[in-house]
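Enquirer: Sharing a model that was predicted from the sequence below.
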Amino acid sequence: MSYISTRGAAPELDFEATMLTGLARDGGLYVPRAVPVMTHDQIAALAGKSYEDVALAVMHPFIGEAFSQTAFRELIARAYADFGHPARAPLKQLAPGHFLLELFHGPTLAFKDFAMQLIGQMFQAALARSGQRVTIVGATSGDTGSAAIEAFRGLANVDVFILFPHGRVSDVQRRQMTTPSEANVHALAVDGDFDTCQALVKAMFNDHAFRDEVALAGVNSINWARVLAQVVYFFFAGVALGAPHRKVSFTVPTGNFGDIFAGFIAREMGLPIARLVIATNRNDILHRCMETATYERQGVAPTISPSMDIEVSSNFERALFWAHGQDGAAVAALMGELAQGGAFHLSENAMAHLRGVYASGRCDEAQTAAAIAATLAETGELLCPHSAVGVHVAETHLARDPATPMVTLATAHPAKFPDAVEAATGQRPGLPPRMADLFDRPERMTRLPDDLATLQALIRERIAA
Ligand SMILES: Cc1ncc(COP(=O)(O)O)c(C=O)c1O
Ligand SMILES: N[C@@H](CCOP(=O)(O)O)C(=O)O
C-alpha cells in the first residue's frame with residue numbers, strides 16, 4: 001500500500017513512513033494511491049463482530065507490511081481496553097430512523113480517542129523498532145490536544161507540543177491539556193484562533209530544515225493514520241443498521257473535515273452510504289461552499305461548540321483531491337488561491353462530485369441550545385453542543401429523506417462543555433469519577449504570540465533540556 005500527496009509533488013511513502021511524516025513535503029496531505037475495496041460478503045461478515053474485530057478487518061488492508069495481523073490485533077486490543085463502554089461506540093435510537101453513535105467513551109471523552117489511542121500504540125511500536133525519537137506538534141480547538149497528550153504523556157522517545165487558542169477552549173478541555181505533569185508534555189496557549197494554531201503547525205512542517213532538525217511528527221488529521229482509525233466506526237454503525245443490505249446516511253458535526261472524510265473513505269471501500277451530511281455551526285464556510293461553490297474566509301466567531309470554530313478546514317483538501325480526479329496540480333492551485341486571497345471557486349464538475357457524496361446544513365447558537373434541550377426532553381440523551389449541531393442538521397435532512405436510516409455522530413461528552421449544556425437544560429453534566437479532581441490539579445502552560453520563530457525557538461530549547 002503506498003501513499004501520495006494531494007498536491008502531487010512529494011515522495012510516495014509506505015504506511016509507516018506516512019504515519020511518522022505528517023504533512024507531505026509539498027504542503028499536501030497523504031492519501032492512499034488506491035483505496036482497498038471490501039466485497040459485499042466481507043462487509044456482511046462484520047455484522048455482530050466486536051469493535052476490535054471490525055477495526056482489524058477495515059484497517060489492516062491499509063497497513064501493508066508495517067504490522068502483521070497478529071501484531072496489529074494486539075495494538076488494537078490495547079488501544080480500546082480502557083474505553084468506558086463495552087461496545088466502545090454504542091448506537092442509540094433517538095427517533096424513528098434516527099440513531100446516535102456515541103463516540104465519547106474514551107479516556108478524554110471525545111471521538112479523537114478512537115484514533116489517538118491507536119496511533120499512540122503504533123508510534124510506540126514503530127519508534128521502538130527504529131530507535132528514533134520524534135517531536136510531535138499538534139494544533140487543537142480542544143479535543144485533539146487532550147487526546148494526544150493522553151496518548152503520548154510520559155513516553156521516553158517523544159515530546160508533544162500542543163498549540164491551543166488562548167481563551168477559546170472550554171475550561172475542562174484546557175485543564176485536560178495543562179494538568180498532566182509529565183515533562184514531555186508542553187501545552188502552548190497561542191494568541192489567535194484554531195486556524196492560527198493550525199497555520200503555525202503547517203508552517204513548521206513546511207520549514208524543511210526545522211522539521212528534519214527536530215524530527216517533527218504530527219497527530220492532527222494531517223496524519224493519514226488518524227483518518228484511517230476513524231473509518232472503522234462508520235462500518236461498525238453501518239452494519240449494525242443493516243449494511244451492506246441497505247443504505248445508511250451519516251451526519252457529522254464538522255470543522256477540520258477529518259471525521260466526515262473518514263466516512264467518505266468507508267464509502268469508497270464499499271460501505272453503502274447514501275449521504276454524508278456536513279453539519280456546521282455558525283462558522284459555516286463548508287456549508288456556504290456546498291451552496292455557492294465558493295470557499296471564502298470571513299473570520300471565525302466563537303461559539304458554544306468551540307471545537308468546530310474552524311475556517312481553514314484542513315481535510316477539505318483531501319475531498320477536493322477526489323473532486324478533481326486526483327489532480328494534485330489542480331488542488332495545489334486552489335490551496336494557493338486560498339493562501340493568497342482567502343477564497344477559491346470550484347468548477348461545476350467538482351461541485352457535481354461533492355454534491356453526489358455530501359449534503360450540508362448549518363446550526364446557529366439558538367438552534368444548538370434548542371437541540372440540546374429538545375433531545376433531553378424527548379429521549380433522555382444529554383448532548384454536547386457539537387453533537388447537538390449534528391442532531392439539528394440531521395433532522396432537517398431526515399425530513400427530506402425519511403426512508404434512509406440516519407446516524408448522527410456524537411463527538412464529545414456533554415461534561416466537556418458543562419456551561420453550555422447547563423444553560424440549555426438546567427442540568428450540569430458531571431465528569432466521570434476518574435476525572436473528578438480535574439479542577440484541583442495544578443495547571444502548567446506557556447503563553448505564546450502568533451510567531452513562528454518564537455515557537456521554533458521554544459521547541460528547540462525544550463527538547464534540548
Ligand atoms: C467535539 C468535536 N466535534 C466535532 C469536531 C469536528 O471534527 P472534524 O474536525 O474532524 O471535522 C471536532 C474537532 O475536530 C470536535 O472536537
Ligand atoms: N476539533 C479539533 C481540531 C483539530 O482537528 P484534527 O482532527 O485535525 O486534529 C480539535 O478538537 O482539536
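Expert: Yes, it's here. Ligands and ions are numbered 1, 2, ... in the order given.
Enquirer: Near R441, how many other residues are there?
Expert: R441 is flanked by 14 other residues according to other C-beta atoms under 10 Å. From N, CA and C alone the C-beta is placed, and that goes for glycine too.
Enquirer: Assess the claim that it and Q176 are in contact.
Expert: No - with contact defined as C-beta atoms under 8 Å, R441 does not count as touching Q176 (10.0 Å).
Enquirer: Get me the contact residues on the stretch 151-300 of the chain for ligand 2.
Expert: Within the stretch 151-300 of the chain, the positions adjacent to ligand 2 are N220, S221, G255, N256, G258 by C-beta under 6 Å from any ligand atom.
Enquirer: and those near ligand 1, which?
Expert: Okay, of those touching ligand 1 (C-beta under 6 Å from any ligand atom), that's S221, G255, N256, G258.
Enquirer: where does the residue nearest to the third one when sequence neighbours are not counted land in three-state SS?
Expert: Of all residues beyond its chain neighbours, the one nearest N256 is S314 (4.9 Å), with distances taken as C-beta to C-beta, 6 or more residues apart in numbering. Local secondary structure at S314 is given as coil here, using DSSP: H, G, I helix; E, B strand; the rest coil.
Enquirer: give me every residue that touches the nearest residue to F316 once chain neighbours are set aside.
Expert: Excluding the flanking residues, the one nearest F316 by C-beta to C-beta, 6+ apart is F257, at 4.7 Å. Applying C-beta atoms under 8 Å, 6 or more residues apart in numbering to F257 gives the contacts S221, I278, L286, S313, S314, N315, F316, R318, A319.
Enquirer: ok, now which ones touch the residue nearest to F104 when sequence neighbours are not counted?
Expert: Excluding the flanking residues, the one nearest F104 by C-beta to C-beta, 6+ apart is H413, at 4.0 Å. H413 makes contact with F104, L109, A110, C384, P429 under the criterion C-beta under 8 Å, 6+ apart.
Enquirer: re the thing from before, filter the contacts of F257 down to just the buried residues.
Expert: Burial by neighbour count, 16 or more other C-beta atoms under 10 Å: within the contacts of F257 this picks out S221, I278, L286, S313, S314, N315, F316, R318, A319.
Enquirer: Skipping its backbone neighbours, what lies nearest Q93 in space?
Expert: Going by C-beta to C-beta, 6+ apart, Q93 has F99 as its nearest residue, at 5.5 Å.
Enquirer: per-residue confidence at G341?
Expert: Looking at G341, its pLDDT stands at 98.
Enquirer: Near ligand 2, which residues of the stretch 1-150 of the chain are found?
Expert: Checking the stretch 1-150 of the chain against ligand 2 by C-beta under 6 Å from any ligand atom, the hits are T140, S141, G142, D143, T144, G145.
Enquirer: Of those, which is the most crowded?
Expert: When those are compared by neighbour count (other C-beta under 10 Å), G145 ends up highest, at 31 neighbours.
Enquirer: host element of it?
Expert: helix 143-152 (DSSP states H and E).
Enquirer: quick one on the thing from earlier: now, which of the residues of the stretch 151-300 of the chain next to ligand 2 lie within helices?
Expert: G258 (DSSP state H).
Enquirer: from the residues of the stretch 151-300 of the chain next to ligand 2, which is closest to D419?
Expert: G255 (19.6 Å; C-beta to C-beta).
Enquirer: In contact with that closest one: list those residues for me.
Expert: So G255 contacts S141, F194, T280, N283, S307, M308, D309, I310, S313 (C-beta under 8 Å, 6+ apart).
Enquirer: Give the closest residue to the closest residue to ligand 1 within the stretch 101-250 of the chain in space, chain neighbours not counted.
Expert: The stretch 101-250 of the chain approaches ligand 1 most closely through D143 (3.4 Å), counting by C-beta to the nearest ligand atom. By the measure of C-beta to C-beta, 6+ apart, the closest residue to D143 outside its immediate chain neighbours is A110, 4.0 Å from it.
Enquirer: list the contacts for the one you found?
Expert: A110 neighbours (C-beta under 8 Å, 6+ apart): L103, F104, D143, S146, A147, S307, T411, A412, H413, K416.
Enquirer: And it, how close does it get to V231?
Expert: 17 Å (C-beta to C-beta, to the nearest Å).
Enquirer: just the contacts of F257 now: which is nearest ligand 2?
Expert: S221 (3.4 Å).
Enquirer: Which helix or strand contains the nearest residue to Q230 once chain neighbours are set aside?
Expert: Sequence neighbours aside, A262 is the residue nearest to Q230 in space, at 3.6 Å (criterion: C-beta to C-beta, 6+ apart). Take DSSP H and E as the rule and A262 turns out to sit in helix 258-268.
Enquirer: any idea how far that helix is from the chain center?
Expert: Offset of helix 258-268 from its chain centre (C-alpha atoms, centre = their mean, to the nearest Å): 11 Å.
Enquirer: mean confidence score for the next helix-or-strand element following that helix?
Expert: Using DSSP H and E, the helix or strand that follows helix 258-268 in sequence is strand 273-280. Strand 273-280 carries an average pLDDT of 98.
Enquirer: hmm, who's touching strand 273-280?
Expert: Contacts of strand 273-280 (C-beta under 8 Å, 6+ apart): 234, 238, 247-255, 257, 260, 263-264, 266-267, 286-287, 290, 308, 357-363, 389-390, 392-394, 397, 401, 404, 406, 408.
Enquirer: what angle separates that strand from helix 258-268?
Expert: 170 degrees (axes from the mean of the first three to the mean of the last three C-alpha atoms, to 10 degrees).
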